[in-house]
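> Test case, fold it:
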Amino acid sequence: MATIKDVARLAGVSTTTVSHVINKTRFVAEATQEKVMAAVDELNYAPSAVARSLKCNSTKTIGMLVTQSTNLFFSEVIDGVESYCYRQGYTLILCNTGGVYEKQRDYIRMLAEKRVDGILVMCSDLTEELLEMLDRHADIPKVIMDWGPESSQADKIIDNSEEGGYLATKFLIEKGHTDIACLSGHLEKAVCQERIIGYKRALAEAGIEMKDDRILEGNFECDTAVIAANRIAAMEDRPTAIFCFNDTMAFGLMSRLQQLVCAYLRTSLSLVTIISNWQSTSRHH
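Here you go, the predicted structure:
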């Protein structure tokens, strides 16, 4: 494997000059730059990332913890993060935890050992245990995305959940619906509580009475959406519209209700979801 000394010898310059050319840390004459880069290409030289990180105190890597990258919303965010990291010369280390404590613990330890420059966290289940593990590494900058408790030391990027719940419900009301259910995530989560507050506010503003059985608890994944669909199909007076808290549950709900098509004969059901490339969809059976 070629070293910086080999490049310097072939180019007829000092190792310091090679370093300045590669790292763009000082002006070097164009002719000299060309000789150095020609030597780099000929020797297929790759600078040591470890050595560079020790000198610059930066590994140019970002770690990202996600529950699962196949989640529609997560995958779009991951794509945007990876694209930006690439443009800035950073490498993204993606860690799919599956919500498993042991994987979260091991990935955080691994990222700390690799001396990443920062950690992004986007997990549907942000437990106290996970927050404690993150807070132990106070020297690593962290950003929690989508939602997170105020107690965390990390910076946060959070949407206005109450306003989102209000606008989604108001949209359905403006479409003529007066019996609207909502499929939430875990009810103890602040983001879900805030969206439900917005949901109730829109109903109250329109003078619509809220029924307790219209709030269905899910977990932001397909499995609980299927259970919710079964509950809705078993209702004697079914809602005409459902506000889903994310696309994954909306698609799971639609899929299951299509399987239960007989239960919805000559009935329409409208769906609206918070995070989506589409606003609402109706299914007529």
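> This structure: helices as residue ranges?
4-11, 15-23, 30-43, 49-56, 72-87, 101-113, 128-136, 161-174, 190-205, 222-234, 247-259 (DSSP state H).
> lowest-confidence stretch among those?
Mean pLDDT values for the helices of the chain show the minimum at helix 49-56, a mean of 63.
> who's in contact with the most centrally placed residue in the chain?
Centroid check for the chain by CA atoms, centre = their mean gives Phe74 as the closest residue, at 3.8 Å. By CB atoms under 8 Å, 6 or more residues apart in numbering, the contact list for Phe74 reads Val66, Thr67, Gln68, Met122. All C-beta atoms are positioned from the backbone trio N, CA, C, and that covers glycine.
> hang on, the earlier thing: output the helices of the chain in JSON lines; the columns should cover distance to Leu183.
Below are these laid out as JSON lines (distance: least, CB to CB, whole Å):
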{"stretch": "helix 4-11", "distance to Leu183": "58"}
{"stretch": "helix 15-23", "distance to Leu183": "52"}
{"stretch": "helix 30-43", "distance to Leu183": "56"}
{"stretch": "helix 49-56", "distance to Leu183": "46"}
{"stretch": "helix 72-87", "distance to Leu183": "15"}
{"stretch": "helix 101-113", "distance to Leu183": "26"}
{"stretch": "helix 128-136", "distance to Leu183": "25"}
{"stretch": "helix 161-174", "distance to Leu183": "11"}
{"stretch": "helix 190-205", "distance to Leu183": "10"}
{"stretch": "helix 222-234", "distance to Leu183": "5"}
{"stretch": "helix 247-259", "distance to Leu183": "5"}
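> closest to Ile144 out of the ones you listed?
Proximity to Ile144 (CB to CB) singles out helix 128-136 among the helices of the chain, at 8.3 Å.
> Could you list the buried residues of that closest one?
For helix 128-136, burial by neighbour count (16 or more other CB atoms under 10 Å) applies to Leu130, Leu131, Met133, Leu134.
> can I assume the third one is in contact with Gln104?
Yes. Using CB atoms under 8 Å, Met133 makes contact with Gln104 at a distance of 6.7 Å.
> Out of the contacts of Phe74, name the ones that lie in strands.
Secondary structure from DSSP state E places Val66, Met122 of the contacts of Phe74 in strands.
> Mind checking which of the contacts of Phe74 are buried?
Counted by 16+ other CB under 10 Å, the contacts of Phe74 give Val66, Thr67, Met122 as buried.
> I'd assumed Glu76 was in contact with the last one.
Read that as Met122. No. Counting by CB under 8 Å, Met122 sits too far from Glu76 to count as a contact (11.0 Å).
> one step back: state the distance from the residue nearest to the centre of the chain to Val226.
20 Å (CB to CB, to the nearest Å).
> Ala206: which of the buried ones among the contacts of Phe74 is nearest?
Met122 (33.8 Å).
> Check the gap between the closest one and Asn96 for me.
11 Å.
> Give me the neighbour count for the residue nearest to Met64 when sequence neighbours are not counted.
Counting by CB to CB, 6 or more residues apart in numbering, Leu120 is the residue found nearest to Met64 once chain neighbours are left out, at 4.4 Å. Leu120 has 24 neighbouring residues, counting by other CB atoms under 10 Å.
> Bridged to Leu120, which residues?
Met64, Val143 (DSSP bridges).
> May I ask you to confirm that it is in contact with Pro141?
No. Between Leu120 and Pro141 there is no contact under CB under 8 Å: 9.8 Å.
> ok, now which ones touch Ser161?
Trp147, Ala190, Val191, Cys192, Glu194, Arg195, Gly198.
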